[in-house]
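In: Have a look; sequence and predicted model below, questions after that.
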Amino acid sequence: MIERVKITDAAKAVIDTLKKEHGELMFHQSGGCCDGSSPMCFEKGELMINETDIWLGTIHNCDFYMSADQFEYWKHTQLLVDIVKGRGASFSLEIPHGVRFIIKSRMFNEDEMNELSPVHKGEMI
């Protein structure tokens with residue numbers, strides 16, 4: 001199975017720091033206004049997941065969700081969660097550290113589209 005979402009080593013290091021401060025974490029990408037189209041990191045369970053969200057997989061032992069309407073735009077791409085210096089305008093946990101999570105993406109090829117990992121709609125994993 002081909003993963004829909006992956007993560008860089010630099011982003012893993014930030015997650016390790018955040019886990020020490022906050023415990024288990026989760027990610028959500030809504031596609032909303034401001035920084036809503038950036039992946040946002042929350043304490044696990046802090047954000048209510050419902051039928052309008054899609055579970056894409058896990059990154060560094062953190063569940064990654066995306067709003068269903070946003071997923072329609074991104075379903076043909078592999079997402080790579082990375083980190084950059086700078087402050088975002090979101091409520092994501094990394095913001096006080098002077099960094100922010102970002103998404104880099106690439107299109108799946110035709111062969112990969114047939115081997116994608118499954119997604120789950122509207123459930124907290």
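Out: Okay, I see it. Residues are numbered from 1 along each chain as shown.
In: So which residues of the chain form helices?
Out: 9-22, 68-74, 110-113 (DSSP state H).
In: now those as a markdown table including mean pLDDT?
Out: Converted to a markdown table, those look like this (pLDDT from 0 to 100):
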| stretch | mean pLDDT |
| --- | --- |
| helix 9-22 | 98 |
| helix 68-74 | 91 |
| helix 110-113 | 93 |
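In: Next, format the ones you listed as JSON lines and append distance to Phe91 and mean neighbour count.
Out: In short, each C-beta sits where N, CA and C put it, glycine included. Below are the helices of the chain laid out as JSON lines (distance: least, Cβ to Cβ, whole Å; neighbours: other Cβ atoms under 10 Å):
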{"stretch": "helix 9-22", "distance to Phe91": "13", "mean neighbour count": "15"}
{"stretch": "helix 68-74", "distance to Phe91": "17", "mean neighbour count": "15"}
{"stretch": "helix 110-113", "distance to Phe91": "33", "mean neighbour count": "10"}
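In: So which helix or strand of this protein has the lowest pLDDT on average?
Out: Between all helices and strands in the chain, the lowest mean by mean pLDDT, DSSP states H and E belongs to strand 120-121, at a mean of 86.
In: what's that one packed up against?
Out: strand 53-59 (3 or more Cβ pairs under 8 Å, 6 or more residues apart in numbering; DSSP states H and E).
In: and the strand it packs on, which strands flank it?
Out: strand 62-67 (antiparallel), strand 120-121 (antiparallel) (DSSP bridges).
In: what about the shortest one, distance to the chain center?
Out: By that I understand strand 120-121. Relative to the centre of its chain, strand 120-121 is centred 15 Å away, using Cα atoms, centre = their mean, to the nearest Å.
In: for stretch 65-80, same thing?
Out: For stretch 65-80, the distance to the chain centre is 10 Å (Cα atoms, centre = their mean).
In: and what of stretch 1-15?
Out: 9 Å.
In: can I get the CA coordinates of it in CSV?
Out: Taking Å, rounded to 0.1, in the frame of the first residue of the first chain, the C-alpha atoms of stretch 1-15 are listed here in CSV:
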residue,chain,number,x,y,z
MET,A,1,0.0,0.0,0.0
ILE,A,2,1.2,3.5,-0.8
GLU,A,3,0.9,6.0,2.0
ARG,A,4,-1.2,9.1,1.3
VAL,A,5,0.6,11.2,3.8
LYS,A,6,4.3,11.2,4.9
ILE,A,7,6.5,13.3,7.1
THR,A,8,10.1,14.7,7.0
ASP,A,9,12.6,14.1,9.7
ALA,A,10,12.6,17.8,10.6
ALA,A,11,8.8,17.7,11.2
LYS,A,12,9.3,14.5,13.3
ALA,A,13,11.7,16.3,15.6
VAL,A,14,9.1,19.1,16.2
ILE,A,15,6.4,16.4,16.9
